[in-house]
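>>> what follows is a predicted structure for the sequence shown.
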Amino acid sequence: MPELAPLARARDLAAFIEAAPSPFHATAEAARRLGAAGFRPVDPAGPWPEEPGGFYLRRAGALVAWRSAPRAGATDGFRIVGAHTDSPNLRLKPRPDTGAAGFRQLGVEVYGGALWNSWLDRDLGLSGRLTVTGPDGVRSVLVRIDRPLARIPQLAIHLDRGVNDTGLKLNPQLHLVPVWGVGPAGAGDLLAFVADAAGVDPAAVAGHDLMLHDLTPPALLGADEALLSAPRIDNLLSCWAAVEALVGGPDAGPTGVVTLFDHEEVGSETAAGAGSPLLPTVLERIVLARGGGREELHRALAGSICVSADGAHATHPNYLDRHEPGHRIAINAGPVLKHNSNARYATDAESAAVFRTAAAAAGVPVQDFVVRSDLPCGSTIGPITAARLGIPVVDVGVAQLSMHSARELCGSADPAWFVDALAAFLADRR
Ligand code: ZN
């Protein structure tokens, strides 16, 4: 793969984010990139490939990809990078049509820990999947509508005079209900509209997973374009970096695995989440296809290690008091190792050393994050993956501001550094 300058790679990340308004689209875009690099899809209901090469298995909003070197052995360890495809957002209720005061509106639920205020006064599109019944059974159809379809109008300041002093209080049931037209309450038929946009018969739609997205495209920001302003940086940045690191890697070397889970923002305990058997099953089947059994699987796991790749908090210039003074985190200063003595992150001395060594080999600087002792700490798929597989895991990510906003902000040089560090980690033979 030709080496791209950091800004060109930041633009490629922006393209990945643009292609992925929903987790289903994120795995479709990852599969497209993997396919273009020669990776082949694997059907979990079919026989497992025994030949070397690049493969991927996709399950809705989750995807596992791997590259098997020629002559890889059943007891060889895995180098794994994990990330998540989902971001906090607003998702449509089962019967979304509602309304009041002459407006057609959409009933939505908040998905994950969204910053609710960031969704106000934005022109919103819609994406996700429909399940459609037909003669061959039920199939899933991706849908995305990229024109302004809905908006959550903020209350005028004249009707809420204290809002700038006392803070904005939002009740998600009452105040986060988007408008998408005028007419009698419930007169709209959103699902028919979406079916039409997807080119399917509205009567055949048997289910939907639909969500809203801000239509403002990602942009490089600042006089010298030092920043990237975009939605879903947490955690599509890590998904993109993991896929780029894998497809750019050599055919030889350890078996590199990239696992993109869904549902991290809501606890990971789903069939597509980090709590599922998805990754352990893929690893076991790789070992079985190499002629190994349970013994060889356990020997392979004993030599395996995982990077849990997820966003990190940059030190906010307007809220310095929210950050640990001895561990400032800067933008465009390299990936961030995340530490927590209560195991909210999986990083320990040994796994940190493995990542530091790989980053150093790639010429990439590394920062160290720890939350203030008087603030609670977030978490990732790291501790879950460590507990499920019993392997060392290191939590690492790119520094950003506005995490869980509809519009996040990171550096434009850090994404390229993250790819380089992950590529070095995947290729490391130790
Ligand atoms: Zn995240």
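Right, received. Where do you want to start?
>>> tell me the contacts of the closest residue to the ion within the stretch 1-150 of the chain?
Proximity of the stretch 1-150 of the chain to the ion (C-beta to the ion) peaks at His84, 5.7 Å away. All C-beta spots, glycine's among them, are computed from the backbone N, C-alpha and C. Going by C-beta atoms under 8 Å, 6 or more residues apart in numbering, His84 touches Asn235, Ser238, Cys239, Leu260, Phe261, Asp262, His263, Glu264, Glu265, Ala274, Asp310, Ile381.
>>> what's near enough to touch the fifth one?
In other words, Phe261. 62, 82-85, 268, 272-274, 276, 278-279, 381.
>>> for ChimeraX, write a command that selects the buried ones of these.
A single ChimeraX command is used to select the members of those judged buried by 16 or more other C-beta atoms under 10 Å:
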select :62,82,83,84,85,268,272,273,274,276,278,279,381
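>>> compile the contacts of Phe261 into a markdown table and extend it with columns for secondary structure, pLDDT and distance to Thr347.
Listed next are the contacts of Phe261 as a markdown table, based on DSSP: H, G, I helix; E, B strand; the rest coil; pLDDT from 0 to 100; distance: C-beta to C-beta, whole Å:
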| residue | secondary structure | pLDDT | distance to Thr347 |
| --- | --- | --- | --- |
| Ala62 | strand | 98 | 23 |
| Gly82 | strand | 98 | 13 |
| Ala83 | strand | 98 | 16 |
| His84 | strand | 98 | 17 |
| Thr85 | coil | 98 | 22 |
| Ser268 | coil | 95 | 18 |
| Ala272 | coil | 95 | 25 |
| Gly273 | coil | 96 | 21 |
| Ala274 | coil | 94 | 16 |
| Ser276 | coil | 95 | 23 |
| Leu278 | helix | 97 | 23 |
| Leu279 | helix | 98 | 19 |
| Ile381 | coil | 93 | 13 |
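>>> pick out the most distant pair among the contacts of Phe261.
Across the contacts of Phe261, the longest distance by C-beta to C-beta is 15.1 Å; it joins Ala83 and Ser276.
>>> can you tell me which of the contacts of Phe261 is nearest Phe425?
Using C-beta to C-beta, these come closest to Phe425 at Gly82, 12.0 Å.
>>> bridged to the closest one, which residues?
Thr259, Ser308 (DSSP bridges).
>>> pretty sure it contacts Leu278?
No: using C-beta atoms under 8 Å, Gly82 is not in contact with Leu278, being 10.7 Å away.
>>> shared neighbours, these two?
The contact sets of Gly82 and Leu278 overlap at Thr259, Phe261 (C-beta under 8 Å, 6+ apart).
>>> how far away is the residue of the stretch 1-150 of the chain closest to the ion from Gly267?
From His84 across to Gly267, the span is 11 Å (C-beta to C-beta, to the nearest Å).
>>> confidence score at Pro88?
For Pro88, the model assigns a pLDDT of 98.
>>> one more: Gly253?
Gly253 carries a pLDDT score of 86 in this model.
>>> same check, this time on the one 10 residues further on
pLDDT, the model's per-residue confidence, is 97 for His263.
>>> show me what contacts it?
Counted by C-beta under 8 Å, 6+ apart, His263 has contacts Gly61, His84, Asp86, Glu269, Thr270, Ala272, Gly273.
>>> in terms of contact, does His25 touch Val143 like I think?
No: applying C-beta under 8 Å, one finds His25 not in contact with Val143, separated by 9.5 Å.
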